[in-house]
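**Student:** need a 3D model of the following:
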Amino acid sequence: MRKIFDVLRLSLEGGRSHREIARAINASPTTVGDLLRRAKLYGITWPLPAGLSEPALEAQPVPADGTVEPGSADP
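**Tutor:** Purely as a prediction, here's the structure:
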């Protein structure tokens with residue numbers, strides 16, 4: 001399972017670089033960048049809203065062109 005919570009926490013709360021986060025969670029910097037881009041597209045901030053689970057976060061679709069349709073970011 002991806003470590004989305006850890007990526008968000010380390011980046012948005014800790015101010016760490018993609019490389020630092022990648023080393024901390026044993027992933028590639030590209031994966032970290034993709035997860036942070038996806039979070040930004042959906043306006044996800046840290047701390048996460050109460051009740052938002054990692055599976056719900058992972059289930060958010062991201063269109064190939066990177067656009068987000070109005071109302072599609074609701075968890």
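**Student:** what average pLDDT does the lengthiest helix in the chain get?
**Tutor:** Using DSSP state H, we find that the single longest helix of the chain is helix 29-41. Helix 29-41 comes out with an average pLDDT of 90.
**Student:** sort out which residues of that helix are buried, please.
**Tutor:** Neighbour-count burial for helix 29-41, counted by 16 or more other Cβ atoms under 10 Å, picks out 31-32, 34-36, 38-39, 41. Placement of C-beta: from N, CA and C, glycine included.
**Student:** from these, pick the one nearest A22.
**Tutor:** A22 lies nearest to V32 out of the buried residues of helix 29-41, by Cβ to Cβ, at 5.0 Å.
**Student:** looks like the closest one contacts V7 (just checking).
**Tutor:** Yes. Between V32 and V7 there is a contact at 5.7 Å, judged by Cβ atoms under 8 Å.
**Student:** need the residues touching each of the two.
**Tutor:** 21, 25 (Cβ atoms under 8 Å, 6 or more residues apart in numbering).
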